[in-house]
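In: need coordinates for the following:
(one chain, ligands or ions: 1)
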Amino acid sequence: MTASGDVAVVTGAASGIGAATARLLVGRGWRVVLADVQADPLVELARELGPAALPLRVDVAHEADVAAAADQAVSVFGRLDLMFANAGVFGAYGPIHTADLAAVDATWAIDLRGVFLSMKHAARVMRPRQHGVIVVTTSPAAVAGGVGNHAYSAAKAGVLGLMRSVAGELRPHGIRVNAVMPGPTATPMNADLAVGDVTAMDRTIELLQARTDGKRPIFAEDIAEAVAFLAGPAAEMITAHTLVVDGGFTAIPGDSR
Ligand code: NAD
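Out: Presented below is the predicted three-dimensional model:
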């Protein structure tokens, strides 16, 4: 897929899609800066992955943290080949007429500003090499909406706009920019689907399975494979693209996140 030794920053690496992507990349010879606000699971993952992984406490809403992640990739591992701007929260939820503005702003700070900052600092360190790939994580909510998740839907639509705009800007600089759009995936973000027992991942998986072809749910590893493809040379002619990995979910009417 890629030359061994390539370097990535993965945001949201402590859990779900980010953790699965970090594992897959390291398994294929990459070195990865694991960026997340959750320090303990990051350290645990770094211990599992060995010297190819560098855990870094990063709040993607804060520019200095994101800048440090890109700089650490360069100073510790020599360069940055992939920025996977993936950290996200479901965030503010409920009827719009009672929406709490602080909660909405906090959602956008992570889900939109965080992706913007990740792109900005990836571009800063990639442009001198005229090489690199940025992959962002959007959601079917960006295009389908979803009752109550206005803040999340808006942020994920914003991520698509950012992706296409920045892809056009960075194309002449040898930097590709794409999005993955996961369908409902079996990660802790969806644990609340098993109402009454937020830790009941088995029940969550059952509910998620019903949203695809019914054979199995979408796993974080499915999304990781798509990210690795977009990051690799097989995707050299792919930029400004949204790769949907949803087991047919967007073809079935229903809720989205
Ligand atoms: P998850 O909750 O398992 O992981 C999200 C990670 O982001 C967590 O480790 C969390 O600590 C981290 N994070 C949250 N705020 C952060 C911040 N300010 N700075 C740094 N890290 C922060 O969820 P996931 O399902 O793996 O979600 C990954 C991405 O995929 C998100 O952007 C999410 O919106 C998107 N997504 C998920 C689904 C799904 O069904 N799970 C569907 C579509 C899109």
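In: output the below-cut-off pLDDT ranges for this structure.
Out: Applying pLDDT under 70 to the chain picks out residues 1-4, 192-214, 252-257.
In: which parts of it sit against the ligand?
Out: Listed as neighbours of the ligand in the chain under the rule Cβ under 6 Å from any ligand atom: 11-12, 14-18, 36-38, 58-61, 86-89, 110, 114, 137, 139, 182, 184-185, 187-190, 257. C-beta coordinates here come from the backbone N, C-alpha and C atoms, glycine included.
In: so the residue lying closest to residue 111 once chain neighbours are set aside is in which element?
Out: Of all residues not flanking residue 111 in the chain, residue 155 sits nearest, at 3.5 Å (Cβ to Cβ, 6 or more residues apart in numbering). Here residue 155 sits within helix 150-170, counting by DSSP states H and E.
In: buried ones in stretch 111-120, by neighbour count?
Out: Residues 111, 112, 113, 114, 115, 116, 117, 118, 119 are the ones in stretch 111-120 that count as buried (16 or more other Cβ atoms under 10 Å).
In: can you give me the neighbour number for the residue nearest to the third one when sequence neighbours are not counted?
Out: Nearest-residue entry for residue 113: residue 61, 5.8 Å, with adjacent residues in sequence omitted and distances by Cβ to Cβ, 6+ apart. Using other Cβ atoms under 10 Å, residue 61 has 19 other residues around it.
In: OK, contacts around the residue lying closest to residue 246 once chain neighbours are set aside?
Out: The shortest distance from residue 246 to any non-neighbouring residue, by Cβ to Cβ, 6+ apart, is to residue 183 (2.6 Å). Counting by Cβ atoms under 8 Å, 6 or more residues apart in numbering, residue 183 makes contact with 140, 211, 212, 218, 244, 245, 246, 247, 248, 249, 250.
In: residue 183 and residue 144, how far apart?
Out: 11 Å (Cβ to Cβ, to the nearest Å).
In: what comes into contact with stretch 47-54?
Out: Contacts with stretch 47-54, where a contact means Cβ under 8 Å, 6+ apart, come from 22-23, 26, 30-34, 45-46, 72, 76-77.
In: take these and keep only those in strands.
Out: Using DSSP state E, the subset of the contacts of stretch 47-54 located in strands is 31, 32, 33, 34.
In: returning to what we had before: hey, C-alpha coordinates of the helix holding residue 155 in PDB?
Out: The C-alpha coordinates for helix 150-170 follow below in PDB (Å, rounded to 0.1, in the frame of the first residue of the first chain):
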ATOM      1  CA  HIS A 150     -28.300  20.300  13.800                       C
ATOM      2  CA  ALA A 151     -24.900  21.200  15.300                       C
ATOM      3  CA  TYR A 152     -23.300  17.900  14.300                       C
ATOM      4  CA  SER A 153     -24.800  17.900  10.800                       C
ATOM      5  CA  ALA A 154     -23.700  21.500  10.100                       C
ATOM      6  CA  ALA A 155     -20.200  20.800  11.300                       C
ATOM      7  CA  LYS A 156     -20.000  17.700   9.100                       C
ATOM      8  CA  ALA A 157     -21.300  19.600   6.100                       C
ATOM      9  CA  GLY A 158     -18.700  22.200   6.800                       C
ATOM     10  CA  VAL A 159     -16.000  19.600   6.800                       C
ATOM     11  CA  LEU A 160     -17.100  18.600   3.300                       C
ATOM     12  CA  GLY A 161     -16.900  22.300   2.200                       C
ATOM     13  CA  LEU A 162     -13.500  22.600   3.800                       C
ATOM     14  CA  MET A 163     -12.300  19.400   2.200                       C
ATOM     15  CA  ARG A 164     -13.200  20.400  -1.300                       C
ATOM     16  CA  SER A 165     -11.900  24.000  -1.000                       C
ATOM     17  CA  VAL A 166      -8.600  23.000   0.500                       C
ATOM     18  CA  ALA A 167      -8.200  20.100  -2.000                       C
ATOM     19  CA  GLY A 168      -8.400  22.700  -4.800                       C
ATOM     20  CA  GLU A 169      -5.900  24.900  -3.100                       C
ATOM     21  CA  LEU A 170      -3.400  22.200  -2.300                       C
END
